[in-house]
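Engineer: Provide a 3D model corresponding to the input given below.
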Amino acid sequence: MITDENIIIKNILDGNANEFAFFINKYQLMAYNCAFKIVKNNEDAEEIVQDSFLKAYNKLFKFDFQKKFSTWLYTIVYNTSISKVRIKSVIQYDIEEISESKLNNIKTELVLLEAKEKKQYINEAIDNLNEIDALIISLYYLEEQSLSEISEITNMKTNTVKVKLHRAREKMYSELYKILKNEVRDLL
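Structural biologist: Prediction:
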């Protein structure tokens, strides 16, 4: 599968290093957002983005042209971020299950909020999630990455990503409830 990005990568590998600026311009913001969701520190996130693009450039010869460049880059950003915070233990989740119909009601009612308020509340709720939950929610909903792409980025099994996404949604609801208090009750 030949894409415009693949052509640019081939040009870079043929010695046109300046063309790498295309990828920096296109993916810098999302790379920063991914890193920031994990490290929750502006300076560290900026450093991770720089390191990640440098790693991507230096390892470009290893790029698999059958995959999307964005997935490959986000994998590098994710791994660099995890290394930065030196996560030593697996995150354990112990969250009460919320019924699927209740989640669907929440989704329907959130659509009714003003767009600006909705974005503000959701971003605030995401910022209150732990690093992995925030990253998975952001990749799935904001960057529209598939479960298999998130699995590849995070080096987790697809089923694990699916479970973590479900639990992250529940945690996000809990955070929204804390932020909106009675308004969420009215929504339900």
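Engineer: Tell me who's in contact with the closest residue to E5 other than its chain neighbours.
Structural biologist: Take E5 and drop its neighbours on the chain: the residue closest to it by CB to CB, 6 or more residues apart in numbering is F69, 4.8 Å away. Every residue, glycine included, has its C-beta placed from N, CA and C. Neighbouring residues of F69 by CB atoms under 8 Å, 6 or more residues apart in numbering: E5, N6, I9, F23, Y27, F63.
Engineer: Let me know the pLDDT of the fifth one.
Structural biologist: Right, the one you point to is Y27. Looking at Y27, its pLDDT stands at 92.
Engineer: Pull the number of nearby residues for it.
Structural biologist: For Y27, the neighbour count with other CB atoms under 10 Å is 20.
Engineer: thinking I179 is in contact with N123, fair?
Structural biologist: No. Applying CB atoms under 8 Å, one finds I179 not in contact with N123, separated by 10.5 Å.
Engineer: okay, these two: which has more neighbours?
Structural biologist: I179 (15 against 12).
Engineer: any low-confidence regions in this protein?
Structural biologist: Judged by pLDDT under 70, the chain has its weakly predicted residues at 1-3, 86-119, 181-188.
Engineer: got the residue ranges for the helices in it?
Structural biologist: 4-13, 21-39, 42-58, 69-85, 100-111, 115-127, 131-137, 147-154, 158-180, 182-187 (DSSP state H).
Engineer: and those helices, which is most packed in?
Structural biologist: Mean neighbour count, computed with mean count of other CB atoms under 10 Å, is highest for helix 131-137 among these, reaching a mean of 23.
Engineer: In terms of secondary structure, what does it contact?
Structural biologist: helix 21-39, helix 69-85, helix 115-127, helix 147-154, helix 158-180 (3 or more CB pairs under 8 Å, 6 or more residues apart in numbering; DSSP states H and E).
Engineer: No more questions from me, cheers.
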